[in-house]
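J.: make a model of this:
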Amino acid sequence: ALIAGSYTLILWQHPYALIVLVAEAAFLGWRLRRRQDNLVLLDTIFWVCVGIPLVYVFYRFGVGMTEIPTRLIMVKQSTNGIFNSLIASFLINSFGLTAAFLPPSQTKPHAHKLSFEQTLFNLLMAFLFFPLLLVTVINGQESFRAMEQGINGELTAIAYPVQNAVQQWLDHQLLGVKVVAEQAEPWLSQPDSDPAAAQRRLNRLTTNFQKAFPSYDSLWIGDRQGRIIASSPQLNQAGESRLGTQQAQKLAVIRAQTQSQPLISELHRDHADINPHVGITFPILTPDQEFQGFVYASLGLEHAADLIVPDQHRTSQEIILINRQNQVLASCVPELIPAMTFDPTAGGSIRELGNDTYHWFPNASISPMLRWRKSYYYRILPVTNSPNWQLVFRLSATDQIDNLQLLSVKKLAILLLLTIGGLITSILVSRRVASPLLKLARFTTDIPNKLSQREIKPLILNSQVSEVAVLNDNFNEMSGTLQNQFQTIEAARDSL
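T.: Numbers count the residues shown, from 1 in each chain. Predicted structure coming up:
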C-alpha cells in the first residue's frame, strides 16, 4: 500500500491520500489475520467508520478545499475503495491467493478451494455494484458534456452582443473624425481668404465635435507642416497648450497614406495627450487628393470599458479588450488597467473545445481538482475596422463545477447507500443459501464414529431451496440405512 500509494504524492501534490490508503491496508490486514475473511464487508466498515471521517478532515482542513469538493472526494474515494475490494475478493477467491501468500498457520483448511458462500456473495455484489457504478460514470460524463455545452452557449450569449457594441462604437468614432476632416477641408484649402474666420471656424468645429463625441478626450487639427492649429480642449493634462506643437511623426505617417482612410494608432502617450490612449488620424484631402492637413482624435478608453460591463448577476464573467501587443485597452477586471500586458494563454495549458472556445488550466503544482476550479473557459473575437483588436471573454467555471460536483455527490452517495444495502442483502442471501450446506458438512464429519455411538439423528436443514431439500431427504434416508446396517452387523458379531 505504501509503494502503490506513493504515486499520489506526485499525482495530487499532498500526502493525505497516501495516509488513507495505508490505513485501509493496515485495517484490512489486521482483521483478515483474525479469521474475518469477508474482504468487501471489512473494507466497507473501514470506509464508513474510519476512511470517510479521515478524508473529510484531511481535505477540508489540510488541503483547504471547500465543502462541496470535499464531500465529492469522500464519496468518490469510499466508492472506489469498495470497488477495489470487490475486485480483490474476486481475485483472491478465484485464484486461491490466500493459501498461496499466507503462512500455513494463518490458512484455514481447504483454503485453496472456492468458498461457496464467498463466491455467491461476490457475484451478488458484482451484479449490483458494477451496473450502478457504470450508469453513474456514464451519467457523470454526460453531465460534464452538458456543463461545457452550457458554458459554450453562455459565452456565445455574452460575446456577440458585446462584440457588436464595441464595433459600432469604434465605427461611430471613425465616422466622427471623417466628418471633421470633410468639414475642415474648405477652411484649410483656402485659408488666405479670411484667416481669422477660418481659425474661428476650426476652433468651433473641434469644440462642437469633442462635445458631441464623449469618447474623444481631445480633438485637434494639424496643418500641412504638422502643427496643431485647433484643439479642444486647448490644454493637455499637464496644463500645457497644444496649439502650435509639432507632430512630425503623425504627419509622416499620415502623408504615407495613399487613400482617404483613418489610421488607428497603438496604445501610447505623447506630449499632446500624456495619458495612455489610442489615436485616430484622418487625412484632410482636397477633391484632387491634395494633402491639406489631418484630424486627430484621442479616444478615452474608459468609454470603451463602459461597453464591456458583464452581467451583474454573473460575477464570474470577465471581458478584456486587448490590442495585437496584448496590451489591455479596456477591461471589467479591476486588476487589469490600460497598458498592462495580458496574454489569455500565458501561465497555463489550453484545451480547445471548438467554436473558438478554449479551456485554460493553470500550470500550478496543486491537486487536479483545485487546478480545475482555478481554470477558465474563454472565447476570443476580433473587432473589425481595428488594428487587430481582440475581445477576450473569460468565464470562470466555479459555479458550474459546484453544481456538477453537487450532482455527483448525490449520485455517488446514492450509489454508496445502495452498495451498503446490497452488501447486507448479499450477506444474508449468501449465508441463507450456504448455511444448510455448511450444516450438512459439519453433520457429516466423523460419521463412522457417530454410527458406532448411535448419535446420528435425522438432519433438518430448513432450506427453501428444492435441491437442498432433496439432498436433506436423501441424506436422512442414507444415514438411516447405514445405521440399520451397522446395527445388523453388530448384532451378527455379538451372536458369534
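J.: CA atoms for contacts and neighbours, from now on please.
T.: Noted.
J.: near the nearest residue to Thr281 once chain neighbours are set aside, how many other residues are there?
T.: Ranked by CA to CA, 6 or more residues apart in numbering and with sequence neighbours excluded, the top spatial neighbour of Thr281 is Tyr296, at 4.6 Å. Each residue near Tyr296 was counted by other CA atoms under 10 Å, and the total is 26.
J.: switch to numbering from 45
T.: Taking 45 as the first residue, the last one we looked at is Tyr340.
J.: now Tyr340: which helix or strand?
T.: Element membership of Tyr340 [criterion: DSSP states H and E] is strand 335-343.
J.: now what about that strand, what contacts it?
T.: 221, 224-225, 229, 232-233, 259-270, 295, 298-299, 317, 321-330 (CA atoms under 8 Å, 6 or more residues apart in numbering).
J.: need the nearest residue in space to Gln211, chain neighbours excluded.
T.: Leaving aside its chain neighbours, Gln211 sits nearest to Val427 (5.9 Å; criterion: CA to CA, 6+ apart).
J.: hang on, Leu365 in a helix?
T.: No. The assignment for Leu365, made by DSSP: H, G, I helix; E, B strand; the rest coil, is strand rather than a helix.
J.: distance of it from Val377?
T.: Leu365 sits 11 Å away from Val377, going by CA to CA, to the nearest Å.
J.: between the two, which one's more packed in?
T.: Neighbour count, other CA under 10 Å: between Leu365 and Val377, Leu365 has more, with 27 against 14.
J.: circling back to that earlier point, okay, now the sheet partners of the strand holding Tyr340, with direction.
T.: As defined by DSSP bridges, the strand partners of strand 335-343 come to strand 260-266 (antiparallel), strand 322-329 (antiparallel).
J.: switch those over to CSV; also include mean neighbour count.
T.: Below are the strands paired with strand 335-343 laid out as CSV (neighbours: other CA atoms under 10 Å):
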stretch, mean neighbour count
strand 260-266, 26
strand 322-329, 24
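J.: could I get those as TSV with mean pLDDT and distance to Gln281?
T.: Converted to TSV, the strands paired with strand 335-343 look like this (pLDDT from 0 to 100; distance: least, CA to CA, whole Å):
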stretch	mean pLDDT	distance to Gln281
strand 260-266	88	10
strand 322-329	88	16
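J.: would you list the ones you listed in TSV and tack on distance to Ile136?
T.: Compiled in TSV, the strands paired with strand 335-343 are given as follows (distance: least, CA to CA, whole Å):
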stretch	distance to Ile136
strand 260-266	80
strand 322-329	74
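J.: Ala48 and Ile63, how far apart?
T.: 12 Å.
J.: neighbour-wise, which of these two wins?
T.: Comparing Ala48 with Ile63 by neighbour count (other CA under 10 Å), the higher total belongs to Ile63, at 17 against 10.
J.: how about the spatially most central residue of the chain, what does it touch?
T.: Centroid-nearest residue in the chain, with CA atoms, centre = their mean: Trp416, separated by 4.1 Å. Shown in contact with Trp416 (CA under 8 Å, 6+ apart): Phe405.
J.: pLDDT score for Met413?
T.: Reported pLDDT at Met413 in the predicted model: 75.
J.: from Thr442, how far out is it?
T.: 11 Å.
J.: pull up the overlap in contacts between these two.
T.: By CA under 8 Å, 6+ apart, no residue touches both Met413 and Thr442.
J.: just checking, next helix/strand downstream of the helix-or-strand element of the chain with minimal mean pLDDT?
T.: Lowest on mean pLDDT, DSSP states H and E among the helices and strands of the chain sits helix 141-145, with a mean of 54. Per DSSP H and E, helix 141-145 leads on to helix 160-233 as the next helix or strand towards the C-terminus.
J.: buried residues in the helix or strand just after that following helix, which are they?
T.: Using DSSP H and E, the helix or strand that follows helix 160-233 in sequence is helix 239-256. The neighbour-count check on helix 239-256 (16 or more other CA atoms under 10 Å) flags 242-243, 245-247, 249-251, 253-254 as buried.
J.: now do helix 239-256, average pLDDT.
T.: So the average pLDDT for helix 239-256 ends up being 87.
J.: show residues contacting that helix.
T.: By CA under 8 Å, 6+ apart, the list of residues contacting helix 239-256 reads 220, 224, 228, 231-232, 235, 260-265, 273-277.
J.: again with stretch 267-275
T.: Residues outside stretch 267-275 that contact it (CA under 8 Å, 6+ apart) are 232, 243, 246-247, 250-251, 262-266, 286-292, 294-295, 335-338.
J.: switch to 6 Å and redo it
T.: 247, 263-266, 287-292, 295, 336-337 (CA atoms under 6 Å, 6 or more residues apart in numbering).
J.: so which bits of that stretch are buried?
T.: 267, 270-275.
J.: cool, and stretch 217-236?
T.: For stretch 217-236, using 16+ other CA under 10 Å, the buried residues are 217-218, 220-222, 224-225, 228-229, 231-233.
J.: let me know the closest of those to Ser539.
T.: Distance to Ser539, by CA to CA, is smallest for Gln217 among the buried residues of stretch 217-236, at 131.9 Å.
J.: tell me the phi and psi of the residue nearest to the centre of the chain?
T.: When read as degrees, to the nearest 10, the backbone of Trp416 gives phi -70, psi -40.
J.: can you pull the pLDDT of it?
T.: Looking at Trp416, the pLDDT reads 83.
J.: can you tell me how far it is from Ile381?
T.: From Trp416 to Ile381 the distance is 26 Å (CA to CA).
J.: SS state for Leu373?
T.: strand.
J.: separation between it and Val322?
T.: Counting by CA to CA, the gap from Leu373 to Val322 is 8 Å.
J.: equivalent analysis for Gly466, please.
T.: On the measure of CA to CA, Gly466 and Val322 end up 69 Å apart.
J.: can I get stretch 398-412 as PDB, trimmed to CA atoms?
T.: Output of stretch 398-412 as PDB, limited to C-alpha atoms (Å, rounded to 0.1, in the frame of the first residue of the first chain):
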ATOM      1  CA  GLY A 398     -14.300  24.200 -30.800                       C
ATOM      2  CA  ASN A 399     -16.400  27.200 -31.900                       C
ATOM      3  CA  ASP A 400     -13.500  29.500 -30.900                       C
ATOM      4  CA  THR A 401     -13.900  28.400 -27.300                       C
ATOM      5  CA  TYR A 402     -10.900  27.200 -25.100                       C
ATOM      6  CA  HIS A 403     -10.400  25.800 -21.700                       C
ATOM      7  CA  TRP A 404      -7.400  27.200 -19.800                       C
ATOM      8  CA  PHE A 405      -5.800  25.400 -16.900                       C
ATOM      9  CA  PRO A 406      -3.100  27.000 -14.700                       C
ATOM     10  CA  ASN A 407       0.400  25.400 -14.600                       C
ATOM     11  CA  ALA A 408       0.400  25.200 -10.800                       C
ATOM     12  CA  SER A 409       1.600  22.500  -8.500                       C
ATOM     13  CA  ILE A 410      -1.800  21.900  -6.900                       C
ATOM     14  CA  SER A 411      -4.200  19.000  -6.900                       C
ATOM     15  CA  PRO A 412      -6.100  18.400 -10.200                       C
END
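J.: other residues contacting that stretch?
T.: So stretch 398-412 is contacted by 56-57, 391-396, 419-423 (CA under 6 Å, 6+ apart).
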